[in-house]
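Enquirer: Got a predicted structure here, sequence first:
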Amino acid sequence: MDRKTFLTRLGGTGAVALLPANALMAALEKPVEKKAREKIIPADGGIELRVLGNPQTHKVVGEDTDSQIFEWVDNAEPGFGIPPHIHTREDEIFRVLKGKVEIMVDNKSTVLEAGDMAYAPKNLVHSWTVVGNEKAQMWVSAFPSGMEHMFQELSQLPEGKPDFEKVASICTRYGITFV
């Protein structure tokens, strides 16, 4: 049996079946061109936003990471938090740098202190609130990226008490729903 007949019987059709084996292997081994480049961000660097009254610094966004990861730092006052919600697109990791944060993931609550972290996979209910009397600082990672666009929209809302319906509407467009 000739090569073309053999490949066709295996399911290979079209131009791929006619390529010499070495040309096919070279095409498969060619590295994928990535747009991500190195990026150095000093401790006080990044894109500053105010999201629902909360100062937030975006360190790396999808544009920097080939849409792999989005990382930001939240600086939140005591009592500030995000109510229970579900992400359908991304997983999150929360690392407390300063203060105390009560985090709930899948109906299990714990208080995180500096150096502690929590992982919240997509499709699990989670929330967080700054507890105690001091501000908290959290370094958060979301992967894949995309949520940074939601935060940019939320940062455009008027100052003051947020309109929950508007907030929920924006979040829903990014696969996040409050429960």
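Expert: On my side now, so go ahead.
Enquirer: So what would you say the end-to-end distance of stretch 115-131 is?
Expert: 16 Å (C-alpha to C-alpha, to the nearest Å).
Enquirer: where along this protein do the helices fall?
Expert: With helices called from DSSP state H, the chain shows them at 3-10, 14-18, 21-29, 62-65, 147-155, 164-173.
Enquirer: Mind listing residues that contact the shortest one?
Expert: To tie it back to what came earlier, the one meant is helix 62-65. 35-37, 39, 68-70, 144-146, 148 (C-beta atoms under 8 Å, 6 or more residues apart in numbering). Placement of C-beta: from N, CA and C, glycine included.
Enquirer: which of these tops the neighbour count?
Expert: In terms of neighbours by other C-beta atoms under 10 Å, the contacts of helix 62-65 top out with residue 70 at 27 neighbours.
Enquirer: which ones are touching the nearest residue to it once chain neighbours are set aside?
Expert: In space, and not counting its chain neighbours, residue 70 is closest to residue 145: 3.9 Å by C-beta to C-beta, 6 or more residues apart in numbering. Contacts for residue 145 (C-beta under 8 Å, 6+ apart) come out as 61-62, 65, 67-70, 90.
Enquirer: Kindly report the same for residue 48.
Expert: 55-57.
Enquirer: Write down the beta-bridge partners of it, one by one.
Expert: On the basis of DSSP bridges, residue 48 is bridged to residue 57.
Enquirer: before we move on, back to that, and the helices of the chain, which one's lowest on average pLDDT?
Expert: Ranked by mean pLDDT, the helices of the chain end with helix 14-18 in last place, scoring a mean of 50.
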